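> For reference, the sequence and a predicted model appear below.
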Amino acid sequence: MTLIEYHNKDEMMQAIASQIKAELAEALSKTGSATLAVPGGTTPGPIFDALSVADIDWGNVAVMLGDERWVPESSERSNTALLKARLLQNKAAAATLLPLYAEAPTPEDKLDELSAGIEKHLPLTVCLMGMGADMHTASIFPEADLLAEAFAPDAPELLPMRAPGAPEPRITLSARVLKGAANRHIVIAGDEKRAALERAQTLDDPMQAPVSAVLPGATVHWAP
Ligand SMILES: O=C1O[C@H](COP(=O)(O)O)[C@@H](O)[C@H](O)[C@H]1O
């Protein structure tokens, strides 16, 4: 793992957006297409704003979330709504969204349909992940019901997930898919998350600290 420390969040968000832009542009120039996975939650909005005006061939980029809360887009907890409002705007409006939510009571109802939509866009070109103070990443939470399944070497692309720390059912990429990305970034801010990162490194046990599974080979970006 490589850790980059920034002076402040603004500097970090701009730097991450520039790095992702360069990684997508490189893939586009080599293969003509690219897939970007991003987190939801409270952290990545400014990265989305910066990426949305990046001058790349968005028409050949597929964009998806690494995880989604099983709530409709009208909910303020919808990661899809955040993605649409902040990333799929301006130049990035030309990108193709690979949905991780469809109207249905549970993620299991739509799992096959949503998995089919992402399969041909894998492996990921760039995977940007967040991390909670409980050391979850994507929606792979400590004590989650399908935690072991999410770390299996032959795990499916997508899993439903329920956990004590998650107020609603979730759907998440498996660790296999997150780790399979050509470029992996984790964005965290503040002292609480910095302490959680250090705890995850010390534990080095995905069952207690899920983020530890994706740290090898990843770049962790931190700002106070
Ligand atoms: O619930 C989630 O939490 C994590 C971390 O979110 P943050 O608000 O602490 O930045 C996020 O990475 C994930 O995508 C989201 O669904």
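It's in.
> who touches the helix or strand hosting T35?
When elements are assigned from DSSP states H and E, T35 belongs to strand 34-38. Applying C-beta atoms under 8 Å, 6 or more residues apart in numbering, the contact partners of strand 34-38 are 20, 24, 27-28, 44, 47-48, 60-66, 83, 87, 95, 98, 121-128, 173, 178, 181. Just so you know, the C-beta spots here come from the backbone N, C-alpha and C atoms, and that holds for glycine as well.
> so of these, which ones are in helices?
If you go by DSSP state H, those have 20, 24, 27-28, 47-48, 178 in helices.
> and the chain, which of its residues are near the ligand?
Applying C-beta under 6 Å from any ligand atom, we find that the chain lies next to the ligand at 39-43, 67, 69, 79, 130, 132, 139.
> how about a markdown table for the residues you listed, with secondary structure and pLDDT added?
Output for the residues of the chain next to the ligand, formatted as a markdown table (DSSP: H, G, I helix; E, B strand; the rest coil; pLDDT from 0 to 100):
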| residue | secondary structure | pLDDT |
| --- | --- | --- |
| P39 | coil | 99 |
| G40 | coil | 98 |
| G41 | coil | 98 |
| T42 | coil | 98 |
| T43 | coil | 98 |
| D67 | strand | 98 |
| R69 | strand | 98 |
| N79 | helix | 98 |
| G130 | coil | 98 |
| G132 | coil | 98 |
| S139 | coil | 98 |
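> Buried only: go through the residues you listed for me.
Taking 16 or more other C-beta atoms under 10 Å as the criterion, what is buried in these is 39-40, 43, 67, 69, 79, 130, 132, 139.
> Between the residues you listed, which sits nearest the ligand?
Nearest to the ligand among these is G130, at 2.4 Å by C-beta to the nearest ligand atom.
> From E73, how far off is that closest one?
With the distance defined as C-beta to C-beta, to the nearest Å, G130 ends up 19 Å from E73.
> do L97 as well
In terms of C-beta to C-beta, L97 sits 12 Å off from E73.
> Name the residues contacting each of those two.
Common neighbours of L97 and E73 (criterion: C-beta under 8 Å, 6+ apart): K84.
> And the strands in the protein?
Along the chain, counting by DSSP state E, strands occupy 2-5, 34-38, 61-65, 67-69, 96-98, 126-129, 158-161, 170-173, 183-189, 219-223.
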